[in-house]
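>>> when you get a sec, could you give me coordinates for this:
(one chain, ligands or ions: 2)
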Amino acid sequence: MKIIIGSKNPAKITAVKNAFSEKELEFISLDIPSGVNAQPFSDEETINGAVNRAVEALKKGKGEIGIGLEGGVQETKRGMLICNWGALAANDIEPIIAGGARFILPEEVAIRVRSGEELGPVMDDYAKIQNVRKHEGAIGIFTNGLINRVDMFTHLMNILVGQYQYKKKSLENQ
Ligand SMILES: O=P(O)(O)OP(=O)(O)OP(=O)(O)OC[C@H]1O[C@@H](n2cnc3c(O)ncnc32)[C@H](O)[C@@H]1O
Ligand SMILES: [Mg+2]
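Residues are numbered from 1 along each chain as shown. Ligands and ions are numbered 1, 2, ... in the order given. Below you'll find the model as predicted:
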């Protein structure tokens, strides 16, 4: 079975591999555009980015499953939430979606994102580390390393794969 991942980000690729336990799987990563802004500004836009990537990955990679993972932010009365959404696309079913853990970004970071900067470079600047988005992620920095971006995406991926297995089982029993 071929699983096509719509990103070259190593944190995302590791998380996808963590969530599939079967042997004989082939993982292919393709740089698939999200079709939304580089910095999505709502749950809705972030979900659309994840679904677009999953559907395109499935099509371009000619596999059995396409995965799209997308990071974004969502404004609330309490401040700016960081959100992450994932989508799993497979032939003959509607894309399945799942959300990742969320928390409020410090205002000092949120102000810069609101003014148009992407969270990735803002985090590098804030943490004085390069490529935070490919490693611990904002979640790793702000949880003191207790949860990193791979952990967060792995949890999200398990919610996707679990729903997919349940759906397949339900269809088989019909
Ligand atoms: O290569 P791709 O797959 O695009 O991976 P990415 O790291 O750019 O991730 P997203 O496009 O999903 O995220 C949208 C923006 O938010 C940033 N971002 C999201 N989550 C982050 C995190 O945990 N740490 C740092 N930056 C993050 C990211 O760098 C982008 O600027
Ligand atoms: Mg990106």
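>>> and the contacts of the longest helix seen in the chain?
For the chain, the helix with the greatest residue count under DSSP state H is helix 149-172. With contact meaning C-beta atoms under 8 Å, 6 or more residues apart in numbering, helix 149-172 is reached by 11-12, 14-16, 18-20, 65, 67, 69, 84-88, 90, 93, 96-101, 133, 135-140. All C-beta atoms are positioned from the backbone trio N, CA, C, and that covers glycine.
>>> please report the distance of Q165 from ligand 1.
As judged by C-beta to the nearest ligand atom, to the nearest Å, Q165 and ligand 1 stand 25 Å apart.
>>> any idea which element the residue nearest the centre of the chain lies in?
Nearest to the mean C-alpha position of the chain, counting by C-alpha atoms, centre = their mean, stands L69 at 2.5 Å. In this structure, L69 sits in strand 65-76 according to DSSP states H and E.
>>> list the buried residues for that strand?
By neighbour count with 16 or more other C-beta atoms under 10 Å, strand 65-76 contains the buried residues I65, G66, I67, G68, L69, E70, G71, G72, V73, Q74.
>>> can you check stretch 92-105 too?
Of all the residues in stretch 92-105, those buried under the rule 16+ other C-beta under 10 Å are P95, I96, I97, A98, G100, R102, L105.
>>> which of those fall within strands?
Applying DSSP state E to the buried residues of stretch 92-105, the entries found in strands are I96, I97, A98.
>>> tell me who's in contact with the first one.
In this case it means I96. By C-beta under 8 Å, 6+ apart, I96 lies in contact with A87, L88, L160, Q163, Y164, K167.
>>> let's go with 7 Å and repeat that
Listed by C-beta atoms under 7 Å, 6 or more residues apart in numbering, the contact set of I96 reads A87, L88, L160, Q163, Y164.
>>> also the last one?
With C-beta under 7 Å, 6+ apart as the criterion, the residues that contact A98 are G86, L156, I159, L160, Q163.
>>> how about the nearest residue to R53, chain neighbours excluded?
G68 (2.9 Å; C-beta to C-beta, 6 or more residues apart in numbering).
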